[in-house]
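Enquirer: Sequence and predicted structure, then a few things I'm wondering about:
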2 protein chains.
Amino acid sequence: MLTNLDRLHDRMAAIPADAVIGTMPENVLYLSGLWAMTQWIRRGPQAYALHPAPGRGTSCVVVGASAADHLTDGSAWVTEAYLHGRFPAEVIAGDAEGDAFAALLAQEPFADPIAALAAALRDRGLARARIAVDEVGLMPGHWQALAALLPEAVLLPAAAVLRDVRAVKTEEEVRRLRMAAEVAERSVTAALAIAREGVTEEELIRAFDARTVAEGGQPVLRCIGFGPRSALPNVVPSRRALRPGEVIRFDAGGRWGHYRADIARCAVLGEPSPRLRQVQRAIRAGLDRAHELARPGMRCAELFADVMETVRREGLPEYRREHVGHGIGLDGYDAPLLGPSSTEVLEAGMVLCVETPFYTLGAFGLQVEDTLVVREGGAESFMTTPADLVSV
Amino acid sequence: MLTNLDRLHDRMAAIPADAVIGTMPENVLYLSGLWAMTQWIRRGPQAYALHPAPGRGTSCVVVGASAADHLTDGSAWVTEAYLHGRFPAEVIAGDAEGDAFAALLAQEPFADPIAALAAALRDRGLARARIAVDEVGLMPGHWQALAALLPEAVLLPAAAVLRDVRAVKTEEEVRRLRMAAEVAERSVTAALAIAREGVTEEELIRAFDARTVAEGGQPVLRCIGFGPRSALPNVVPSRRALRPGEVIRFDAGGRWGHYRADIARCAVLGEPSPRLRQVQRAIRAGLDRAHELARPGMRCAELFADVMETVRREGLPEYRREHVGHGIGLDGYDAPLLGPSSTEVLEAGMVLCVETPFYTLGAFGLQVEDTLVVREGGAESFMTTPADLVSV
């Protein structure tokens, strides 16, 4: 199970809500284990996870009939389902997954996902309850349709609450995030292994992607830029060839076990210039300071201010930045945000990307970004290589 | 440029609308060339493309300051931008991309994307116009916020209209879709090259992914199942090992140049059983019939009925199916749908996935799925290998 049940139930009690419904793919997976492919690779297909408060009934999912086979391979811990639509198939009994799928398909399906969701709520005696609904995964009109089917229910928005719940990871989530970070790190190393004069950004990203998929990951964040292009924060790898003295900036990471990675490393072809050394020293000091400060009870705004001050003191007095990191999980930007206006406080179990990038448009970008988990005793880094400016 | 401008302007005139606004990532890219990474890899980040009717002003985009570098590498043909948020950076002049990004960042940013969009509309004299807004990419509350900022404008939903516009591809889109299909085909071939007794589904998907990324594509649709698992339509590759006589079913395809592939091929380890031969013959006859029927003027419902009748006549009298294919483009399910209730009519330039899968839960699934473009003279297939049931 991925869910932080204690935190979820605490937040549900605080609303208060008798049930919470996940609709974004991240929240459906988080609440039920259902990874419904279509809602991850397209916008529109609907799948939901319904999680009643303790004592208010069983959890269930709403899913299209043609995607209900996702409930049969053991990856979802919630397998009670309300189906919509039809999936025609012959059946020969005797195979566990086939039998489970056939049993689901034998149910009378609902005409649409909202009708199925309303039935699931009614079946649990929740038609007059307070229901927190993740508003982000619904399509326009769905909220109103649900309200019309359950006129006595109170519908409340849940996306922010679920984001807050997801901020403190369970150990299974930590395990996956560590693996995702390690795969990203090894993919950077694999790409750097072919770095030489004349290599292109495209060649490096292919080496990066190759390593990620060889480890069972999927490429997602894929920024690799050379020279002045390293200063483009979202640089899309091109046929630009690497020249002596140029920076290579990676801001990259895929998914592993559905969990995201986001790390940054930089290299230089040859020896770094004095300016590069100066910038690297300052941003690296900021990164190291973030590792030191990341402990339970630390206010995110305070961490931000301290890291910014460190970078400025250590060589970049002009350093400006909107944030110095963020949570990571099923989403690439989970809570909390390590920014000046953040009201969040670090807790044990939060997994953070800490970063202090510096961009000089027209010249270079240098970025260091690590991933760590906040433990009772302080930060435990997922990284196995230091955030050095490597010479290749 | 990707946009089918004639069709877009025709549909805008029919609404009628003075401007159309893309908000889903697919529609932003389609209308402007802006591929704003954050809106593709997360839910929430907002970027918009505003396309006024001919004579009503210039096109522009709305994008976060930290993502505005996407406008500098030549991939977007619309580069006039309204920014929201801030991105701190130093500037050294003299690099084209850096200078372009710096010029964008020198603009005074708006507080949020809806404020930027409203300003873009006001600047074009469209504050009292009829505006078709793609409702799917907005976050909850955004529609109402835009309406509040432009109380005299008439806002109309645009997602269905843009989907209809995108159904007829431009030649650049056809080129990318052909390449995506070919990469998928070569990736299937690469995976089948390692198929032998004892190989796992995971090993095959890694070989598939490796080939896709080696060609500059990105894996998206990744279903590979063996034996009874080949009957699970969304099968997630597992450690299940291949046994003699078992079917291997691929339903797979990535993105290439942002465009999607979706093809299906099957193989069997050893010689196919008489039942497999019978099913393959029938579904292949249906697929071949779909190729024959795919020409301008053909009603999708008629094509569906004819293909279903063909499969039933050629060996599967019990064949049932909700559709026999769909369009493909930036979305994996573009219009039209080749289903019984479809009111759509094929037109030259539509790119279709035609498919006749057959699933026996507990035993096997067989699927043939090709991609083709409808030309004046009939279907032009993108496939270079026949949809045979290959023995490995």
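Expert: Cool, the structure landed. Numbers count the residues shown, from 1 in each chain, chains lettered A, B, ... in the order given.

Enquirer: mind listing what the nearest residue to A:Ala195 once chain neighbours are set aside touches?
Expert: Leaving aside its chain neighbours, A:Ala195 sits nearest to A:Val392 (4.5 Å; criterion: CB to CB, 6 or more residues apart in numbering or on different chains). Quick note: C-beta positions are derived from backbone N, CA and C, even for glycine. Counting by CB atoms under 8 Å, 6 or more residues apart in numbering or on different chains, A:Val392 touches A:192, A:195-196, A:248, A:267-269.

Enquirer: which non-adjacent residue is nearest A:Tyr48?
Expert: A:Tyr48 sits nearest to A:Val62 (CB to CB, 6+ apart), 4.2 Å away.

Enquirer: and that neighbour, that's in a helix?
Expert: No - A:Val62 is assigned strand when assessed by DSSP: H, G, I helix; E, B strand; the rest coil, not a helix.

Enquirer: mind listing the helices for the stretch 1-150 of chain A?
Expert: A:5-14, A:25-32, A:37-41, A:96-105, A:113-123, A:142-149 (DSSP state H, counting those that start in this stretch).

Enquirer: picking up where we left off before, for the residue nearest to A:Ala195, give its distance to chain B.
Expert: Using CB to the nearest CB, to the nearest Å, A:Val392 is found at 22 Å from chain B.

Enquirer: so what's the residue most central in space within chain A up against?
Expert: Against the mean C-alpha coordinate of chain A, by CA atoms, centre = their mean, the closest residue is A:Asp331 at 2.2 Å. Contact analysis of A:Asp331 by CB under 8 Å, 6+ apart lists A:26, A:163, A:166, A:260, B:42-43.

Enquirer: Check A:Ser273 too.
Expert: Contacts of A:Ser273 by CB under 8 Å, 6+ apart are A:Gly245.

Enquirer: tell me the phi and psi of it?
Expert: Phi and psi for A:Ser273, reported as degrees, to the nearest 10, are phi -70, psi 160.

Enquirer: and the contacts of A:Asp331, which are buried?
Expert: The neighbour-count criterion (16 or more other CB atoms under 10 Å in any protein chain shown) marks A:26, A:163, A:166, A:260 among the contacts of A:Asp331 as buried.

Enquirer: what's across from the last one in the sheet?
Expert: By that I understand A:Arg260. Beta bridges link A:Arg260 to A:Arg255 when assigned by DSSP bridges.

Enquirer: Report back the residue of chain A that's furthest from centre.
Expert: A:Ile92 (39.3 Å).

Enquirer: distance of that one from A:Ala267?
Expert: Distance, A:Ile92 to A:Ala267, by CB to CB, to the nearest Å: 56 Å.

Enquirer: what do you get for A:Gly362?
Expert: 20 Å.

Enquirer: cool, and A:Glu108?
Expert: According to CB to CB, A:Glu108 and A:Ala267 sit 60 Å apart.

Enquirer: after the helix or strand hosting A:Ile283 comes which helix or strand?
Expert: Per DSSP states H and E, A:Ile283 falls inside helix A:274-293. Later in the chain than helix A:274-293, the nearest helix or strand by DSSP H and E is helix A:300-313.

Enquirer: gap between whichever helix or strand comes after that next one and the chain center?
Expert: Helices and strands here follow DSSP H and E; after helix A:300-313, the next one along the chain is strand A:325-327. Between the centre of strand A:325-327 and the centre of its chain there are 10 Å (CA atoms, centre = their mean, to the nearest Å).

Enquirer: Name the residues that touch the helix or strand following strand A:325-327?
Expert: With elements assigned by DSSP H and E, the helix or strand that comes after strand A:325-327 is strand A:334-337. Contact with strand A:334-337 is made by A:163-164, A:166-167, A:300, A:323, A:325-328, A:342, A:344, A:346, A:350-352, as judged by CB under 8 Å, 6+ apart.

Enquirer: For the stretch 51-200 of chain A, what lies in contact range of chain B?
Expert: Contacts of the stretch 51-200 of chain A with chain B, taken as CB under 8 Å from any CB of the partner chain, map to A:66-67, A:69-70, A:72-73, A:75, A:85-95, A:97-99, A:101-102, A:135-140, A:143, A:157.

Enquirer: Show me which of those residues are buried.
Expert: Among those, those that count as buried by neighbour count (16+ other CB under 10 Å) are A:66-67, A:69-70, A:72-73, A:75, A:85, A:87, A:89-91, A:95, A:97-99, A:101-102, A:135-139, A:143, A:157.

Enquirer: Please list the members of the residues you listed that lie in strands.
Expert: Among those, the members falling in strands (DSSP state E) are A:90-91, A:157.

Enquirer: I'd like the residues you listed as a markdown table, with pLDDT and distance to A:Ala282 appended.
Expert: Putting these into a markdown table (pLDDT from 0 to 100; distance: CB to CB, whole Å) gives the following:
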| residue | pLDDT | distance to A:Ala282 |
| --- | --- | --- |
| A:Glu90 | 95 | 66 |
| A:Val91 | 97 | 65 |
| A:Pro157 | 98 | 41 |
